[in-house]
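Novice: Everything below, folded, please.
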Amino acid sequence: MSELFRRFGRLGDGLVLATALLWALLLIVLPQLWMVDLSFRPNLPVAARGGPEDSWTLANYAALWANPLHRTIFRQTIWSSLLVTLLALPVCYPVAFHPAQEARGTQALLLAIALVIPFRVNEILRTYSWFLILARNGLVNRLLLGLGLIEEPLALGGVGAVVIGMVSAYVLFMIFPLYNALESLDRNQIEAARDLGASTWRIHRRVVIPHAKPGIAVGCVMTFMLAAGTFAVPQIMQSLPGGTNARWFTQIILFLLLRRRRLEPRLGLRLRPPPALHFLHHGDDAAVPRRAPGHRQVNSRGLLRVFTALYLALFFAYLFLPLVFMVAAAFDASRFPTMLPWEGFTLQWFWGFDARGRPTGLFRDARMAAALWNSIVIGAGVILLSVPLGLAGALLLSSLQSRLKGLLYAVLVSPILTPGVILGISTLIFWQRAFEVGGGLFLAVVGQSTFIASCCMLLFTARLERFDRTLEEAALDRGASHLQMVRRILVPFLRPAILSAALIAFLQSFENYNTTLFVIGAEDTLTINIATRVRLGLTPAVNAVGVLFIAATVLAAIGWAVLRRREVAVRFERPARTPALRSAPAAG
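Specialist: Numbers count the residues shown, from 1 in each chain. Now for the predicted structure:
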């Protein structure tokens with residue numbers, strides 16, 4: 001701790017420490033403790049709180065577990081989440097291994113862009129696109145009927161449909177930890193094992209997988225927690241024929257919260273999809289070594305290359321097919337979002353009117369425009385709150401050397417692994433009861449910043465690990481003040497991470513649903529507006545929103561790729577120098 005107070009001066013170090021501790025206490029620890037305390041207390045009127053009847057009890061847990069439906073749904077949620085995790089691991093392992101150990105240069109960059117694009121599209125829209133494909137008159141049933149393989153549409157709903165949607169939604173959270181672990185593996189170990197005659201399977205079993213165990217553990221934990229804590233995916237996919245048995249425990253939590261707090265009319269929530277939604281129901285490894293193979297391995301290595309190419313093609317088809325279908329339906333003249341059969345090209349769902357002169361286009365929808373503005377305002381607020389909080393946490397962790405560092409890191413990272421439903425409920429309860437702050441835009445900013453600040457902190461932490469602390473000491477030795485050192489050395493070094501954190505904070509805020517649903521109150525955001533339209537009746541205007549999301553994501557990915565290549569080119573062309581250090585005032 002003493003090193004912290006020598007790094008930025010008393011004022012700067014105090015500001016860093018206070019900011020990080022306020023984040024940990026007000027946004028993470030106290031809301032969770034408040035929710036745990038409330039779970040052991042009876043549901044009393046406001047006037048009776050704090051009285052003799054307001055004591056700890058297990059009645060809430062007993063009532064919850066006494067309901068056989070609750071137990072069944074809880075077991076189904078756990079087992080289905082485990083199934084999603086067990087499916088995601090083998091699906092993602094070859095996809096993570098190829099760019100980590102084999103792909104280089106342009107190929108690796110294209111693979112990264114291809115992975116990022118689908119996951120920067122809103123989760124609601126990606127799930128909705130799978131809903132369109134699996135619906136009674138969706139793409140799958142249309143193709144099967146056209147091929148004569150079935151006589152009537154199949155009911156493709158149920159737990160299987162939810163698992164398909166969840167694997168599509170959360171595979172990125174398995175790929176990235178695996179990639180980070182596999183990238184650090186020395187490729188010479190793989191080459192040495194191959195030179196000693198080890199087969200591909202034995203290399204992965206004895207060399208690659210043991211090295212990737214930390215990434216496997218992190219990816220499995222993140223995927224399981226996200227799947228168990230999701231709300232949007234089962235809420236949409238259970239609307240498919242046969243999907244009524246695909247209940248999720250988060251829906252039970254929402255039901256109990258609405259019943260206790262009578263929030264359903266105010267939030268405009270529906271626990272069951274209405275009939276309007278059902279209109280669609282009627283009408284061995286991938287390792288590809290780069291070193292020249294020996295004479296006995298030419299054929300097997302060639303087959304592995306072919307297998308890898310085919311597997312990656314199937315994987316990205318699985319990711320992009322729903323998006324392609326959704327984009328195509330946005331330009332179909334059909335009043336229902338389906339492109340089979342194709343009824344003609346139109347732009348009506350962007351800015352058109354129907355036969356009665358009523359606006360049907362996305363850009364003529366005043367309610368959606370208001371929801372879009374709220375999303376922008378919340379996103380801006382999240383940037384202003386999350387980026388400083390994440391930066392303070394990263395600076396504090398990089399300065400600490402005591403045993404408290406591990407505990408503080410666990411606390412600050414925990415919101416990422418906490419289901420969004422839990423974050424939303426705990427934030428709402430704590431701020432409403434402790435500070436009498438009800439749901440609205442402010443609480444949405446606070447609730448989202450709880451976990452988005454953790455993502456920003458991880459970005460800053462990764463950047464600070466490559467920072468040379470001797471530059472700070474040299475600047476201070478030459479007479480620069482702590483403020484000058486921060487402004488001339490630390491901030492320029494962190495500028496790429498600050499811009500990246502701001503962009504990620506805005507995008508995560510813009511697409512967030514699970515947490516925002518509980519803290520937004522009577523307001524509306526674009527994501528909640530889209531989810532409401534999906535539940536209350538689909539129109540191709542929702543597809544038009546997806547087109548805009550995809551277009552913005554592609555443009556952002558292209559811009560990032562261009563800037564990345566330019567940064568790399570400048571790094572190799574410009575000699576290493578430290579202008580900030582030279583310009584620091586000399587002592588004396």
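
Novice: Which residue, other than its chain neighbours, is closest to Ile520?
Specialist: Spatially, and ignoring its direct neighbours in sequence, Ile520 is nearest to Ala444 (4.9 Å; Cβ to Cβ, 6 or more residues apart in numbering). For the C-beta atoms, the positions are set from N, CA and C on the backbone; glycine is no exception.

Novice: List the buried residues in the host helix or strand of that neighbour.
Specialist: Element membership for Ala444, per DSSP states H and E: helix 441-464. Residues 441, 443-461, 463-464 are the ones in helix 441-464 that count as buried (16 or more other Cβ atoms under 10 Å).

Novice: what about the residue nearest to Ile520, distance to Ile190?
Specialist: Here Ala444 is placed at a distance of 48 Å from Ile190 (Cβ to Cβ, to the nearest Å).

Novice: With Arg403 instead?
Specialist: Relative to Ile190, and taking Cβ to Cβ, Arg403 is found at 37 Å.

Novice: and the two? which has more neighbours close in?
Specialist: Ile190 (22 against 8; other Cβ atoms under 10 Å).

Novice: Just to be sure, the more buried one is in a strand?
Specialist: No - counting by DSSP: H, G, I helix; E, B strand; the rest coil, Ile190 is not part of a strand but helix.

Novice: per-residue pLDDT, it?
Specialist: We have a pLDDT of 83 for Ile190.

Novice: my guess is it meets Ala100, correct?
Specialist: No - look at Ile190 against Ala100 with Cβ atoms under 8 Å: they stay out of range, at 11.2 Å.

Novice: still on that earlier bit, need the next SSE after the helix holding Ala444, C-terminal direction.
Specialist: Sequence order places helix 469-477 as the next helix or strand after helix 441-464, per DSSP H and E.

Novice: buried stuff in that next one?
Specialist: 471-472, 474-476.

Novice: Next SSE downstream of it?
Specialist: Using DSSP H and E, the helix or strand that follows helix 469-477 in sequence is helix 482-485.

Novice: and that next one, what does it pack onto?
Specialist: Counting by 3 or more Cβ pairs under 8 Å, 6 or more residues apart in numbering; DSSP states H and E, the packing neighbours recorded for helix 482-485 are helix 9-22, helix 469-477.

Novice: Can you list the buried residues in that helix?
Specialist: By neighbour count on 16+ other Cβ under 10 Å, the buried set for helix 482-485 is 482, 484-485.

Novice: What's the mean pLDDT across it?
Specialist: In this model, helix 482-485 carries a mean pLDDT of 79.

Novice: Which residues does the following helix or strand past it contact?
Specialist: Elements were assigned by DSSP H and E; along the chain past helix 482-485, the next helix or strand is helix 491-511. Helix 491-511 is touched from outside by 120, 122-124, 375-376, 378-380, 382-383, 386-387, 390-391, 448, 452, 455-456, 459-460, 462-464, 467, 526-527, 556, 567, 580, with contacts defined as Cβ atoms under 8 Å, 6 or more residues apart in numbering.

Novice: for helix 491-511, what is the average pLDDT?
Specialist: 86.

Novice: Tell me the buried residues in it?
Specialist: Residues 494, 497-498, 501-502, 504-511 are the ones in helix 491-511 that count as buried (16+ other Cβ under 10 Å).

Novice: could I get the residues you listed as a markdown table with distance to Val171?
Specialist: Formatted as a markdown table, the buried residues of helix 491-511 follow (distance: Cβ to Cβ, whole Å):
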| residue | distance to Val171 |
| --- | --- |
| Leu494 | 31 |
| Ala497 | 26 |
| Ile498 | 29 |
| Ala501 | 24 |
| Ala502 | 26 |
| Ile504 | 19 |
| Ala505 | 23 |
| Phe506 | 23 |
| Leu507 | 18 |
| Gln508 | 17 |
| Ser509 | 22 |
| Phe510 | 21 |
| Glu511 | 17 |
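
Novice: between these, which is closest to Leu69?
Specialist: Of all the buried residues of helix 491-511, Leu69 sits closest to Glu511, with 31.5 Å by Cβ to Cβ.

Novice: Am I right that Pro90 sits in a helix?
Specialist: Yes - assessed with three-state DSSP, Pro90 lies in a helix.

Novice: in the stretch 401-550 of the chain, what spans have low per-residue confidence?
Specialist: Within the stretch 401-550 of the chain, the segments meeting pLDDT under 70 span 535-538.

Novice: which secondary structure elements does the helix holding Ala444 contact?
Specialist: helix 366-399, helix 404-417, helix 420-435, helix 491-511, helix 516-519.

Novice: mind putting those helices in a markdown table, distance to Asp195 included?
Specialist: As requested, the helices and strands packed on helix 441-464 are exported to a markdown table (distance: least, Cβ to Cβ, whole Å):
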| stretch | distance to Asp195 |
| --- | --- |
| helix 366-399 | 41 |
| helix 404-417 | 40 |
| helix 420-435 | 49 |
| helix 491-511 | 40 |
| helix 516-519 | 54 |
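
Novice: Relative to Val208, which of those helices is closest?
Specialist: With Cβ to Cβ, the closest approach to Val208 among the helices and strands packed on helix 441-464 belongs to helix 404-417: 25.6 Å.

Novice: Run a quick neighbour tally on Glu53.
Specialist: Neighbours around Glu53, by other Cβ under 10 Å: 11.

Novice: now swap in Phe336 and tell me
Specialist: For Phe336, the count of nearby residues is 17 (other Cβ under 10 Å).

Novice: which SS class is it?
Specialist: Secondary structure state of Phe336, per three-state DSSP, is coil.

Novice: Then Leu154?
Specialist: Classified using three-state DSSP, Leu154 is coil.

Novice: any idea how far it is from Leu321?
Specialist: 18 Å.

Novice: just Ile378 next, same as before
Specialist: Distance, Ile378 to Leu321, by Cβ to Cβ: 31 Å.

Novice: more neighbours, those two?
Specialist: Higher neighbour count among Ile378 and Leu321: Ile378, with 27 against 15, using other Cβ under 10 Å.

Novice: List the contacts of the more buried one.
Specialist: If a contact means Cβ under 8 Å, 6+ apart, then Ile378 has 441, 444-445, 448, 509, 516, 525 as its contacts.

Novice: Pull out the buried positions in stretch 364-372.
Specialist: Under the neighbour-count criterion of 16+ other Cβ under 10 Å, stretch 364-372 has 365, 368, 371-372 buried.
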